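1. how would this look folded up:
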Amino acid sequence: MTTSIRHRSNYSFWLLNAAAYLTWLGILVSALPELAGEPNRTFVLVLFGLFFVGLSVYAFLEERPFLVHLYLLVQTMIAVTISLQVPVRAAAGISTFLFVLSAQAMLFLPMLPGLVWIVIFIGVTWLAGYLGVGVVHANDFVAILGGYLFFGTFGAGLRQANEARQRSQQLLTELQEAHEQLRAYTTQAQQLAVSEERNRLAREMHDALGHRLTVAVVQLEGAQRLIPSNPDKSASMIEAMRAQLKQALAELRQSVSALRSPENTAALNGSLETAVSHLAQTFQEATGLPVHLQLPKEVPLLPESHRLALYRTAQESLTNVQRHAHAQQAWLQLVADDEQVSLTVADDGQGFADEVADGRFGLIGLRERAKQLGGVLKIGPAQQGGAQLCLELPIPHVEAADA
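-> Reported below is the predicted structural model:
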């Protein structure tokens, strides 16, 4: 495993390089007096210069293990050659070059290759001492061994610190990217939530207010015709219209309240059967159009969203019968079992035209409700000759408290 750390951007790496240059300078200064009068003085100075060049090249060997090995080999040969060319007292300081090389080996190489190079440096130091003075004392060897281990540990610690720094930087970058993605997802979720809430309120206002206002308009037209001939009947119809408008105003206030409150207030009071029965009765009284109602003896527990969708479907269907069907009578049927609940509204009028069935806002809203709840809205001809609309919803498991 090769390190991918940019050591050149880390002050510790430059500190190690500075220590290497100072070591080189110190050894050179201490060796110069010993080289006075030596015939090979120029050659030794050239070797010192080559070693200095190697120290400068080392900074560019990052992530190049082969070149690091070649660098260590060349620098070791230069250090050994210098030690063999200078007097014994000066040669003793040359081993310090190998201390620097041991730290560099552990910095740019993995642990095992670095330790192999330290072993090589120890062997070279012993061999150079043996060739120079003939024998290496045990205490000197222990001191040399401790020096190599110290510098090697320093290089390994520096490498591990840089790797940890790189991992931290990488994690920070990933965290920043994740944060930006989360911000984007949050913005998208907010936009979708706003769009969904707008659609929901549009459906509510269309289904509720549209039905009430349609019935009120029908009553107003009838009352207007009856004013000359039957003022009492006209007054009764106007009173019914007033009740319808009051109910429409109450539902409008409920929609406005939903805009101000993050929670969806309940749109139905009492059971679904009672609400549908009251809807059919008021519609029949207001329009004079008979509604044949068929309800089950018992409806399973339903979430508020399902109850509201079924009620709005009945409301919108009866409104469409009044507006478009030109029917003489209507049928409203609610069927439920343990798995599914369905509401069907049919009439004996002229039926739906294709463009009406596909393009009316009320029907679009009903389709959206059905899709959100996992159900389906079916529109087609009725057995009575007119149009038929059927909403089928699967029944989820609902606790009594939730229903």
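2. I'd assumed Q294 was in contact with A336.
-> No - taking contacts as Cβ atoms under 8 Å, A336 lies outside contact range of Q294: 11.8 Å. Heads up, the C-betas are built off the backbone N, CA and C, glycines and all.
3. neighbour count winner among the two?
-> Using other Cβ atoms under 10 Å, the more surrounded residue of A336 and Q294 is A336, with 21 against 10.
4. got the contact list for stretch 45-54?
-> The contact list for stretch 45-54, computed with Cβ atoms under 8 Å, 6 or more residues apart in numbering, reads 21, 24, 28, 31, 35, 71, 74-75, 78-79, 81-82, 85, 97.
5. can you dump the C-alpha atoms of that stretch in PDB for me?
-> Provided in PDB are the C-alpha atoms of stretch 45-54 (Å, rounded to 0.1, in the frame of the first residue of the first chain):
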ATOM      1  CA  LEU A  45      33.300  17.300  -1.400                       C
ATOM      2  CA  VAL A  46      31.700  16.200  -4.700                       C
ATOM      3  CA  LEU A  47      30.100  13.200  -2.800                       C
ATOM      4  CA  PHE A  48      28.800  15.700  -0.200                       C
ATOM      5  CA  GLY A  49      27.300  17.700  -3.000                       C
ATOM      6  CA  LEU A  50      25.700  14.600  -4.600                       C
ATOM      7  CA  PHE A  51      24.200  13.700  -1.200                       C
ATOM      8  CA  PHE A  52      22.700  17.200  -0.900                       C
ATOM      9  CA  VAL A  53      21.200  16.900  -4.400                       C
ATOM     10  CA  GLY A  54      19.600  13.700  -3.400                       C
END
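6. can you spell out which helices and strands pack onto the host helix or strand of T173?
-> T173 belongs to helix 138-226 when assigned by DSSP states H and E. Other elements packing on helix 138-226 under the criterion 3 or more Cβ pairs under 8 Å, 6 or more residues apart in numbering; DSSP states H and E are helix 11-35, helix 88-108, helix 111-133, helix 231-260, helix 272-287, helix 304-320, helix 361-372.
7. for those, which one sits closest to G155?
-> helix 88-108 (3.2 Å; Cβ to Cβ).
8. residues touching W331, list them.
-> By Cβ under 8 Å, 6+ apart, the contact list for W331 reads V291, H292, Q294, T344, V345, A346, D347, A382, Q384.
9. the third one reaches L332, doesn't it?
-> It stands for Q294. Yes - contact criterion Cβ under 8 Å: Q294 and L332 qualify, at 7.1 Å.
10. output the below-cut-off pLDDT ranges for the stretch 251-400 of the chain.
-> Where the stretch 251-400 of the chain drops to pLDDT under 70, the residues are 251-270, 353-361, 397-400.
11. give me that answer again for 80
-> Low-confidence segments of the stretch 251-400 of the chain (pLDDT under 80): 251-270, 286-287, 323-324, 351-363, 365, 397-400.
12. could you report the neighbour count for G157?
-> 14.
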